[in-house]
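K.L.:
build me a model from this:
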Amino acid sequence: MKRTKHMSSHLGGFNSGASLGGKVSRYRDKQNIYKQGEPAYTLFYIQSGGVRLSTRTKDQPAAVTAILGVHDFFGELCLAGYPLRMSTAVALTASSIRIIKKDKMLRMLRKKNKASNSLVAYLLASVKDYRDHVAHLLTSSAEQRLARVLLRLAHMHKSGPAVVEIPILSHQVLAEMVGTTRPRVNLFMNRFRKQGFINYDGGLEVNQSLREVLRSR
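P.N.:
Residues are numbered from 1 along each chain as shown. Sure, this is the predicted structure:
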């Protein structure tokens, strides 16, 4: 069975990140990169490691909205004129992240070359993916939402590899992403494992067969 390590979508011309300019900063495990409500003058590109985004609303606990990996951008809402951060970004592990000033990125986008076209395509795909994710949160069962989150974290497409290995996340983090409780996530994950949809072998192996959960119930 073909298996591959998780790797986020590659962006043409940006795999090294050097062409983006800016400076590279290194963050420790669980170190804050920025907090919700802070001024938004920059965006970020992950060169190694991973990042968790969470959003807090009044009188509600923070909800995890995204888990990002190598070659992902975040903080890109500043390009759309948002003056403040809409989420809190925390390093999932030791991470190397390129910080790019908003003005520099806007100049790059205006050049309308291959690199800028790749970036625009990536950003548009990210917006669509996020909207689809929110729509599914509203219409799916908790078990289906968990399956969709795992497939999304693995960047699994129907034509992709049969199995993708992703870093293991705590059931509490998964519960926050799904919008359910940790005991229910534990129940669903055990069920997925028994059915052969996932497996633990150093990391978390996600199988294409997990899609069966989306078609059932």
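K.L.:
correct me if wrong: Tyr122 contacts Phe73.
P.N.:
Yes - if you go by C-beta atoms under 8 Å, Tyr122 and Phe73 touch, sitting 6.9 Å apart. (Each C-beta comes from the backbone N, C-alpha and C, glycine too.)
K.L.:
neighbour count winner among the two?
P.N.:
Phe73 (22 against 19; other C-beta atoms under 10 Å).
K.L.:
is it true that that one touches Ala125?
P.N.:
No - the pair Phe73 / Ala125 is not scored as a contact, 11.0 Å apart, by C-beta under 8 Å.
K.L.:
buried set for stretch 157-165?
P.N.:
Residues of stretch 157-165 classed as buried under the neighbour-count rule (16 or more other C-beta atoms under 10 Å) are Pro161, Val163, Val164, Glu165.
K.L.:
and for stretch 206-217?
P.N.:
Applying 16+ other C-beta under 10 Å to stretch 206-217 flags Val206, Asn207, Gln208, Leu210, Val213 as buried.
K.L.:
reformat the residues you listed into JSON lines and put pLDDT and secondary structure next to each item.
P.N.:
As requested, the buried residues of stretch 206-217 are exported to JSON lines (pLDDT from 0 to 100; DSSP: H, G, I helix; E, B strand; the rest coil):
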{"residue": "Val206", "pLDDT": "94", "secondary structure": "strand"}
{"residue": "Asn207", "pLDDT": "94", "secondary structure": "strand"}
{"residue": "Gln208", "pLDDT": "93", "secondary structure": "helix"}
{"residue": "Leu210", "pLDDT": "94", "secondary structure": "helix"}
{"residue": "Val213", "pLDDT": "94", "secondary structure": "helix"}
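K.L.:
now the nearest residue to Lys23 once chain neighbours are set aside, what's its secondary structure?
P.N.:
Residue nearest to Lys23 in three dimensions, not counting chain neighbours: Ile99, with 5.6 Å by C-beta to C-beta, 6 or more residues apart in numbering. Under the three-state scheme (DSSP: H, G, I helix; E, B strand; the rest coil), Ile99 adopts strand.
K.L.:
quick one: residues contacting Ile99.
P.N.:
Taking C-beta atoms under 8 Å, 6 or more residues apart in numbering, we find Ile99 in contact with Gly22, Lys23, Val24, Ser25, Thr42, Leu43, Phe44.
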